[in-house]
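Q: Next come a sequence and a model predicted from it.
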Amino acid sequence: MKTTVDISDSLHDEARKIAAGEKSSIKALIEEGLRKVIEERRHQQHFKLQKATFKGKGLQAGLVGASWDKIREKVYEGRGG
C-alpha cells in the first residue's frame with residue numbers, strides 16, 4: 001500500500017543517512033519502526049487502580065456529616081499557619 005508521510009527535514013535526512021549506511025531504504029526503516037511500536041503497545045500493561053480501603057471505626061464523632069472544608073481543617077489542625 002502506498003501512503004504519504006510528512007516528517008521533518010532533519011528526521012528525513014537522518015533516516016536517509018542511516019538507510020544508505022545500511023544499504024536499505026527509508027521505507028524499510030519506517031516499517032521496522034512501526035513494527036516495533038505496534039509490538040511495544042501490544043504488550044503494554046494498562047494502569048489499573050487497586051482497591052485502597054482500610055479498616056477503622058469511621059470518622060471521628062465531630063466529623064460525621066461534616067463538609068470537606070471542616071474535615072480539611074481538622075486534618076491540618078495544629079500544623080503551621
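A: Received it, and whenever you're ready, just let me know what you need.
Q: rest of the way, CA atoms for contacts and neighbours
A: Fine.
Q: residue ranges with poor pLDDT in this protein?
A: 81 (pLDDT under 70).
Q: in it, which spans are helices?
A: 9-21, 26-42, 68-75 (DSSP state H).
Q: CA atoms only for the last one, dumped as CSV, please.
A: Right, helix 68-75. Output in CSV follows, covering the C-alpha atoms of helix 68-75 (Å, rounded to 0.1, in the frame of the first residue of the first chain):
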residue,chain,number,x,y,z
TRP,A,68,-14.9,18.7,53.2
ASP,A,69,-13.8,22.1,54.4
LYS,A,70,-14.4,21.1,58.1
ILE,A,71,-12.7,17.8,57.5
ARG,A,72,-9.7,19.5,55.9
GLU,A,73,-9.5,22.0,58.8
LYS,A,74,-9.3,19.0,61.2
VAL,A,75,-6.6,17.3,59.2
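Q: Just the buried positions in it, please.
A: Buried residues in helix 68-75, defined by neighbour count with 16 or more other C-alpha atoms under 10 Å: residue 71.
Q: can you check the second one too?
A: Using 16+ other C-alpha under 10 Å as the test for burial, helix 26-42 gives residue 26.
Q: Pipe the helices of the chain into TSV and attach distance to residue 58 per row.
A: Output for these, formatted as TSV (distance: least, C-alpha to C-alpha, whole Å):
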stretch	distance to residue 58
helix 9-21	59
helix 26-42	42
helix 68-75	13
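Q: and of the ones you listed, who's closest to residue 53?
A: Ranking the helices of the chain by proximity to residue 53 (C-alpha to C-alpha) places helix 68-75 first, at 18.4 Å.
Q: how about the helices of the chain, which one is nearest residue 1?
A: helix 26-42 (11.5 Å).
Q: counting contacts, what elements does that closest one pack onto?
A: Applying 3 or more C-alpha pairs under 8 Å, 6 or more residues apart in numbering; DSSP states H and E, we find helix 26-42 packed against helix 9-21.
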